[in-house]
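Enquirer: what follows is a predicted structure for the sequence shown.
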Amino acid sequence: MMDFLLLFCIVFVKFVAAEDGHRAWLRYAPVPDASRYRYLPSSIIALNSTKSSPVYTAGQELQQGIKGILGKQLLVNTNGTRKTDTLAIIVGTADTYTKIYGDFDEAGDLEEDGFYLSTEGRNVLIIGSNERGALYGAFEYLSRLGQANFEEDSYVDNPHAPIRWVNQWDNLDGSIERGYAGPSIFFRNGFVADNVTRVAEYARLLASIRINGVIVNNVNANSSLLSTRNIEGLGRLADAMRPYGIQLGISLLFSSPRDLGGLPTFDPLEPTVDAWWANITEKLYAHVPDMVGYLVKANSEGQPGPLTYNRTLADGANMFARALESHGGVVMFRAFVYDNHINPANWTADRANAAVDFFKDLDGKFDENVVVQIKYGPIDFQVREPASPLFSTLRNTSTAIELQVTQEYLGHQDHLVYLAPLWKEILDFDMKADNRPSKVKDIISGGRFRRPLGGSAGVVNVGTNTTWLGSHLAMSNLYAYGKLTWDPSLSSEGILQDWIRLTFGFDKTVLDTITSMSLASWPAYENYTGNLGVQTLTDILYTHFGPNPASQDNNGWGQWTRADHTSIGMDRTVKNGTRNAGQYSPAIAQQFENIETTPDNLLLWFHHVSYTHILKSGKTVIQHFYDAHYAGASAAQSLLTQWSSLRGKIDTERFEDVLFKQTYQAGHALVWRDSITQFYCNLSGIPDEAGRVGNHTHRIEAEDMTLSGYKTYAVSPFHAASGPTHSAIVTSTNTTTGTATANVTFVSGLYDIAVNYYDLIGGRASYELSINNRTIGTWKGDLEDKLGHAPSRFLDGHSATRVTFRNVTVAKGSTVRIMGRPDGVEAAPVDYVSFLPVGVWD
Ligand code: GCU
């Protein structure tokens, strides 16, 4: 019996303490001063007893939440009898509430999906305009309690826009395009997954941030999603999400009538094609009666579409709109239509022009249930872009903004980048259409141009990782995305702090530290990746992760920087360039046309200038590049220092997990800094005024060490390796253990010793660092098991990685040795070892 009790206790303690991120911001942790709550509720009345109803879910959620937060087990009554008991929480729709309890004053203020919450008096009232609204109200109330907000007040909260969706880029084989958190929760081996537990949990998470639709499969769609077995499967997914008020939608492959249906054509004006889609749509609604609609990527990046038959994009979109109309479904038609084979030799060619060029003549030609889904900027989720000019071009068409929660160009969730400030800059940007206030957020809500539909789509890409996004801290982005879709006037900091309290608790230092880290993170990332509007200078032809500025130019993808030996930037002016500035309304066009009125942070987006052009700050462009990259990398070190200061204030599991990531980011930010500054120093021939670039006095280059079993290797791109010859070392065969030794010539003292090596996919090499035969540390090239970013097969800016051993006493004249044992294709590659006096980063 004793043994059993002991085992029970251990298991229980472990369970209670498990902070693997799975519960995200819905932890319902006990609040410190629950006794301040004057009217502790004594029962829950949920005015619907049907288990698939969001009101029923709200009752269950309130029960679970109050037990966790206030430590009180309440009964849920679904009978909805007249209000006799006081101290009850009553949750239901306005209609049901009114039938049982009579009118309430705020009923007329409720809009679709909105709710009324009152914590005044002796009952808590949570009344939704519909079932979903009631559930949102319940989550709102629990979020307040979870943050120890016991205020007595009452208010109505309505959504800013009706469409608040997420897009998952999940493939049927279970992989996820641009997903960094493991395989799909929706699909496996070509079919809808059998186990939908995580799907329901995801729906719960999304409902708590007021998302109402999920597109479950990749925009690069596959027609076999529409097989009978998969349509049945979609029915199961929808069933799992329905109790949370989340409606399912799917992405379609335009050529499905041919590929799956066996028709000779997929021409949208061909009646047999129309009939095929109508029929498939009927079948889908038979299994998913509340299907929210379709998402379509057509004539983009090799995808088929109506242009294949010389039909317009509106012809294509309207074909789906017709099929959906009687079911109340919506077509989200993506504006991401462009030619990825444009000619870089043509100075006036510009991918950024594509959306307006393709859509401007179609304004007003889309059916009422079509919404054009527009990426926030004209190119592709870069670290900084101006708002897409299409937002103010379409006046008679409903639009939605597409944002990315998954950090495709922003560090793959292995770099901390809190995105709410970036999104808010776009949402708050005034397009000045017709010289009237026209903020992007008011255009996509439907408000500005009086459109019936509109809203947001966020590419999220959660996977099976317990943290959902592969990173505890990246979850602030999902939380913020939901909050901003509902209310874009919320502040980035306010949203963040709610999330911190719900995720990490009430410690003031924790709150302040994570706030400061998160708010510094986007500027830091912009600084060490690509500043002045030049775009994220990543490898656009490979993983979109590490640095490779040369990959931007001289290809048909059109993410050009136009960098040469003397100058850099896209000339998007009307007078001399691609005329892109002219796609904006006159007031904005004038601002961007003129170099004087273009803000520095978008200078290279709109203008081609010499490296010695003087910015508003007084610095030259090139010196700004150098300084920004050094400042950004240094800010990334500070993120690590700040997080480290939270040891003991956060549970060990999450603390260590985030510490590992911040350590990685700090190292990779240096890789970025060195790569980009080397590249432009080399290209421009203009040295860094501060003498930092290419000058690393604390480093011993691996290729300069005495090698045995190792050989030198010329790294490509060159800037992904340190030292004048830009070389690294690899073992001479992939079975030979190599050693590299050197005499330490630095003064005796205490050092942090950093080793930069390359962690490739395809092997897990092992390494040992020693000083005078004393082992300082060992590690493995096994980041593919530990981090979610897209891996690389090469020695490059993606695989370049740093490991640091701190506080090592080193005597001048000692021998430093790195031993590398290769594994598979990973030939234990090393770039350099750095002896850093404590507090120095290089
Ligand atoms: C980017 C991304 C692709 C994606 C595409 C899209 O180009 O790299 O993976 O398919 O955008 O949004 O359609």
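Expert: Sure, I can see it.
Enquirer: from now on I want contacts and neighbour counts done on CA atoms only, so please keep to that.
Expert: OK.
Enquirer: Asn807 in helix, strand or coil?
Expert: With DSSP: H, G, I helix; E, B strand; the rest coil as the basis, Asn807 sits in strand.
Enquirer: state the number of residues packed around it.
Expert: For Asn807, the count of nearby residues is 14 (other C-alpha atoms under 10 Å).
Enquirer: now swap in the one 10 residues further on and tell me
Expert: Taking other C-alpha under 10 Å as the neighbour definition, Arg817 ends up with a count of 24.
Enquirer: in a strand, it, correct?
Expert: Yes: judged by three-state DSSP, Arg817 forms part of a strand.
Enquirer: use 750 as the first number for this chain going forward.
Expert: OK, 750 is where the count begins now, so the last one is Arg1566.
Enquirer: relative to Asp1302, how far out is it?
Expert: Using C-alpha to C-alpha, to the nearest Å, Arg1566 is found at 40 Å from Asp1302.
Enquirer: show me what contacts the nearest residue to Ser1515 once chain neighbours are set aside?
Expert: Distances taken as C-alpha to C-alpha, 6 or more residues apart in numbering place Lys1529 nearest to Ser1515, at 4.4 Å, with adjacent residues excluded. By C-alpha atoms under 8 Å, 6 or more residues apart in numbering, the contact set of Lys1529 is Arg1513, Ala1514, Ser1515, Tyr1516.
Enquirer: so for the helix or strand encompassing Gly1231, mean pLDDT?
Expert: Using DSSP states H and E, Gly1231 sits within helix 1224-1235. When pLDDT is averaged along helix 1224-1235, the result is 98.
Enquirer: contact partners of the helix or strand just after that helix?
Expert: For helix 1224-1235, the succeeding helix or strand toward the C-terminus, using DSSP H and E, is helix 1241-1253. Residues outside helix 1241-1253 that contact it (C-alpha under 8 Å, 6+ apart): 773-778, 892, 895-896, 1169-1170, 1173, 1225, 1228-1229, 1232, 1259-1260, 1263-1264, 1268, 1399.
Enquirer: what are the buried residues along the helix or strand following helix 1241-1253?
Expert: Scanning forward in sequence from helix 1241-1253 by DSSP H and E, the next helix or strand is helix 1257-1278. The neighbour-count check on helix 1257-1278 (16 or more other C-alpha atoms under 10 Å) flags 1259-1260, 1262-1264, 1266-1278 as buried.
Enquirer: what sits closest to Trp865 if chain neighbours are left out?
Expert: Trp isn't right for residue 865; it's Tyr. Here the residue nearest Tyr865, using C-alpha to C-alpha, 6+ apart, is Val905, at 4.3 Å.
Enquirer: low pLDDT regions in the protein?
Expert: The model of the chain has pLDDT under 70 over residues 750-766, 829-834.
Enquirer: give me the domain ranges for it.
Expert: Following automatic domain parsing, the chain resolves into domains at 774-906, 917-1240, 1254-1319+1357-1443, 1448-1586.
Enquirer: buried residues of stretch 1381-1394, list them for me.
Expert: Of all the residues in stretch 1381-1394, those buried under the rule 16+ other C-alpha under 10 Å are 1381-1393.
Enquirer: how about JSON lines for those, with secondary structure added?
Expert: Converted to JSON lines, the buried residues of stretch 1381-1394 look like this (three-state DSSP):
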{"residue": "Gly1381", "secondary structure": "helix"}
{"residue": "Ala1382", "secondary structure": "helix"}
{"residue": "Ser1383", "secondary structure": "helix"}
{"residue": "Ala1384", "secondary structure": "helix"}
{"residue": "Ala1385", "secondary structure": "helix"}
{"residue": "Gln1386", "secondary structure": "helix"}
{"residue": "Ser1387", "secondary structure": "helix"}
{"residue": "Leu1388", "secondary structure": "helix"}
{"residue": "Leu1389", "secondary structure": "helix"}
{"residue": "Thr1390", "secondary structure": "helix"}
{"residue": "Gln1391", "secondary structure": "helix"}
{"residue": "Trp1392", "secondary structure": "helix"}
{"residue": "Ser1393", "secondary structure": "helix"}
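Enquirer: turn these into a markdown table, including distance to Gln809.
Expert: Compiled in a markdown table, the buried residues of stretch 1381-1394 are given as follows (distance: C-alpha to C-alpha, whole Å):
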| residue | distance to Gln809 |
| --- | --- |
| Gly1381 | 46 |
| Ala1382 | 47 |
| Ser1383 | 47 |
| Ala1384 | 44 |
| Ala1385 | 42 |
| Gln1386 | 44 |
| Ser1387 | 43 |
| Leu1388 | 39 |
| Leu1389 | 40 |
| Thr1390 | 41 |
| Gln1391 | 39 |
| Trp1392 | 36 |
| Ser1393 | 38 |
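Enquirer: the longest helix seen in the chain - contacts with which helices or strands?
Expert: Ordering each helix of the chain by length in residues (DSSP state H) puts helix 1401-1433 first. Secondary-structure packing of helix 1401-1433 (3 or more C-alpha pairs under 8 Å, 6 or more residues apart in numbering; DSSP states H and E): helix 1257-1278, helix 1370-1393, strand 1549-1559.
Enquirer: pull stretch 884-902 out as PDB, backbone CA atoms only.
Expert: The C-alpha trace of stretch 884-902 is given here as PDB (Å, rounded to 0.1, in the frame of the first residue of the first chain):
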ATOM      1  CA  LEU A 884     -17.900  30.600 -25.400                       C
ATOM      2  CA  TYR A 885     -15.700  33.600 -26.100                       C
ATOM      3  CA  GLY A 886     -17.300  35.300 -23.200                       C
ATOM      4  CA  ALA A 887     -16.500  32.300 -21.000                       C
ATOM      5  CA  PHE A 888     -12.900  32.400 -22.100                       C
ATOM      6  CA  GLU A 889     -12.800  36.100 -21.400                       C
ATOM      7  CA  TYR A 890     -14.100  35.700 -17.900                       C
ATOM      8  CA  LEU A 891     -11.500  32.900 -17.200                       C
ATOM      9  CA  SER A 892      -8.700  35.000 -18.700                       C
ATOM     10  CA  ARG A 893      -9.600  37.800 -16.300                       C
ATOM     11  CA  LEU A 894      -9.800  35.400 -13.300                       C
ATOM     12  CA  GLY A 895      -6.500  33.800 -14.400                       C
ATOM     13  CA  GLN A 896      -4.900  37.200 -14.200                       C
ATOM     14  CA  ALA A 897      -6.500  37.900 -10.800                       C
ATOM     15  CA  ASN A 898      -8.700  40.600 -12.300                       C
ATOM     16  CA  PHE A 899     -11.700  40.500 -10.000                       C
ATOM     17  CA  GLU A 900     -13.100  43.900 -11.000                       C
ATOM     18  CA  GLU A 901     -16.800  44.300 -11.100                       C
ATOM     19  CA  ASP A 902     -17.900  45.600 -14.400                       C
END
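Enquirer: give me the contacts around that stretch.
Expert: Here stretch 884-902 makes contact (C-alpha under 8 Å, 6+ apart) with 777-783, 785-786, 803-804, 806-807, 810-811, 814-815, 818, 840, 863-870, 875-877, 956-959, 993-994, 1247, 1250-1251, 1255.
Enquirer: and that stretch, how far from the chain's centre?
Expert: For stretch 884-902, the gap between its own C-alpha mean and the chain's C-alpha mean amounts to 27 Å (C-alpha atoms, centre = their mean, to the nearest Å).
Enquirer: what segments of the stretch 1400-1549 of the chain are helices?
Expert: Secondary structure of the stretch 1400-1549 of the chain (DSSP state H, counting those that start in this stretch): helices located at 1401-1433, 1532-1535.
Enquirer: can I get those in a markdown table including mean neighbour count and distance to Phe1108?
Expert: Putting the helices of the stretch 1400-1549 of the chain into a markdown table (neighbours: other C-alpha atoms under 10 Å; distance: least, C-alpha to C-alpha, whole Å) gives the following:
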| stretch | mean neighbour count | distance to Phe1108 |
| --- | --- | --- |
| helix 1401-1433 | 22 | 36 |
| helix 1532-1535 | 14 | 42 |
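Enquirer: nearest to Val945, of those helices?
Expert: Val945 lies closest, by C-alpha to C-alpha, to one member of the helices of the stretch 1400-1549 of the chain: helix 1532-1535, at 25.2 Å.
Enquirer: gap between that closest one and the chain center?
Expert: 20 Å.
Enquirer: related to what we said a few turns ago, quick one, which of the helices of the stretch 1400-1549 of the chain is nearest to Thr1461?
Expert: helix 1401-1433 (19.3 Å).
Enquirer: alright, I will stop here.
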